[in-house]
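Undergrad: Sequence first, then the predicted structure:
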Amino acid sequence: MAGGGAVKVYGAAISVAVSRVLTCLIEKDVPFQLVPLNMAKGEHKKPDYLKIQPFGQVPAFQDENITLFESRAVLRYIAEKHAAKGNKKLFGSNPLEKASVDQWLEAEGQSFNPPSSVLVFQLAFAPKMKIKRDETSIKLNEAKLSKVLDVYDRRLGESRYLAGEDFSLADLSHLPAAQFLVNSDEMIKEAFSSRKNVDRWWEEISHRDSWKKVTEMH
Ligand SMILES: N[C@@H](CCC(=O)N[C@@H](CS)C(=O)NCC(=O)O)C(=O)O
């Protein structure tokens with residue numbers, strides 16, 4: 001993956017926000033180096049790391065002398081900087097297409113992510129960490145996620161992907177959390193598969209080569 005001048009991504013591929021960035025780099029054919037951090041030992045809270053990710057989270061991203069954080073901002077940067085490389089359709093090609101990608105990328109961050117991130121923790125990580133599941137929170141967030149999926153199902157009845165006819169950053173951004181959810185809970189798997197258009201969309205995006213490569217790194 002790495003080559004001379006490769007960009008650096010700090011964190012582990014298993015992390016949702018890190019694998020979002022890795023998928024984008026693979027789609028764009030941009031060589032990268034994954035720099036592991038030992039989060040169990042709190043390396044993400046050490047002063048040196050806080051200089052590049054002041055919130056003490058992963059990923060942090062480094063391209064020559066610039067550093068960035070916030071995975072969705074990093075996606076936009078990679079797609080703009082490497083507009084002529086790899087998948088050229090990830091971030092649209094005119095202001096209106098870009099606005100549509102941005103709109104659905106915001107929907108992922110503002111509407112899909114809040115319930116999904118709670119559910120990923122409760123259903124995928126808490127059991128491994130031997131933390132007791134919070135059933136009330138699971139029910140509440142499953143209901144919130146269902147409402148979001150209803151909106152997606154209607155939208156995906158009108159267009160092949162969320163932002164239009166091409167796979168974009170907006171679809172890509174959903175992959176990591178959605179994969180944890182459908183893998184770890186039958187009810188959520190059913191919430192995806194019982195919605196015809198969401199089901200078709202999920203089958204299509206989750207089988208992309210870029211995403212398969214990232215899941216192999218998990
Ligand atoms: N909004 C941030 C979220 C990053 C985030 O939540 N990272 C998690 C892992 S997926 C993390 O570092 N958690 C450890 C912590 O918050 O201490 C982004 O998209 O980059």
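TA: That came through fine. Numbers count the residues shown, from 1 in each chain.
Undergrad: which residues are in contact with the lowest-mean-pLDDT helix or strand in the chain?
TA: Ranked by mean pLDDT, DSSP states H and E, the weakest helix or strand in the chain is helix 126-128, scoring a mean of 92. Helix 126-128 has contacts (C-beta atoms under 8 Å, 6 or more residues apart in numbering) with 132-133. Backbone N, C-alpha and C define where each C-beta goes, glycine included.
Undergrad: next structured bit after it?
TA: Using DSSP states H and E, the next helix or strand after helix 126-128 towards the C-terminus is helix 135-155.
Undergrad: Output that next one as PDB, restricted to C-alpha atoms.
TA: Extracted in PDB, the C-alpha atoms of helix 135-155 (Å, rounded to 0.1, in the frame of the first residue of the first chain):
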ATOM      1  CA  GLU A 135     -31.400  -2.500  26.000                       C
ATOM      2  CA  THR A 136     -33.200   0.800  26.300                       C
ATOM      3  CA  SER A 137     -30.600   2.600  24.300                       C
ATOM      4  CA  ILE A 138     -30.600  -0.200  21.700                       C
ATOM      5  CA  LYS A 139     -34.400   0.000  21.200                       C
ATOM      6  CA  LEU A 140     -34.400   3.800  21.000                       C
ATOM      7  CA  ASN A 141     -31.600   3.900  18.500                       C
ATOM      8  CA  GLU A 142     -33.000   1.100  16.400                       C
ATOM      9  CA  ALA A 143     -36.200   3.100  16.100                       C
ATOM     10  CA  LYS A 144     -34.200   6.200  15.100                       C
ATOM     11  CA  LEU A 145     -32.200   4.200  12.500                       C
ATOM     12  CA  SER A 146     -35.400   2.800  11.000                       C
ATOM     13  CA  LYS A 147     -36.700   6.300  10.300                       C
ATOM     14  CA  VAL A 148     -33.400   7.200   8.600                       C
ATOM     15  CA  LEU A 149     -33.600   4.000   6.500                       C
ATOM     16  CA  ASP A 150     -37.200   4.900   5.400                       C
ATOM     17  CA  VAL A 151     -35.900   8.100   4.000                       C
ATOM     18  CA  TYR A 152     -33.000   6.300   2.300                       C
ATOM     19  CA  ASP A 153     -35.400   3.700   0.800                       C
ATOM     20  CA  ARG A 154     -37.500   6.400  -0.700                       C
ATOM     21  CA  ARG A 155     -34.500   8.200  -2.100                       C
END
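Undergrad: So what's the gap between that helix and the chain middle?
TA: Helix 135-155 sits 18 Å away from the centroid of its parent chain (C-alpha atoms, centre = their mean, to the nearest Å).
Undergrad: and it, what other elements does it pack with?
TA: Judged by 3 or more C-beta pairs under 8 Å, 6 or more residues apart in numbering; DSSP states H and E, helix 135-155 is in contact with helix 113-119, helix 186-193, helix 196-206.
Undergrad: what does the protein have sitting close to the ligand?
TA: 15-17, 44, 56-58, 70-72 (C-beta under 6 Å from any ligand atom).
Undergrad: Go through those residues and say which is closest to residue 37.
TA: Nearest to residue 37 among these is residue 44, at 5.3 Å by C-beta to C-beta.
Undergrad: what about the helix or strand encompassing residue 215, average pLDDT?
TA: Under the criterion DSSP H and E, the helix or strand holding residue 215 is helix 209-217. For helix 209-217, the mean pLDDT works out to 97.
Undergrad: swap in stretch 146-155?
TA: Stretch 146-155 carries an average pLDDT of 98.
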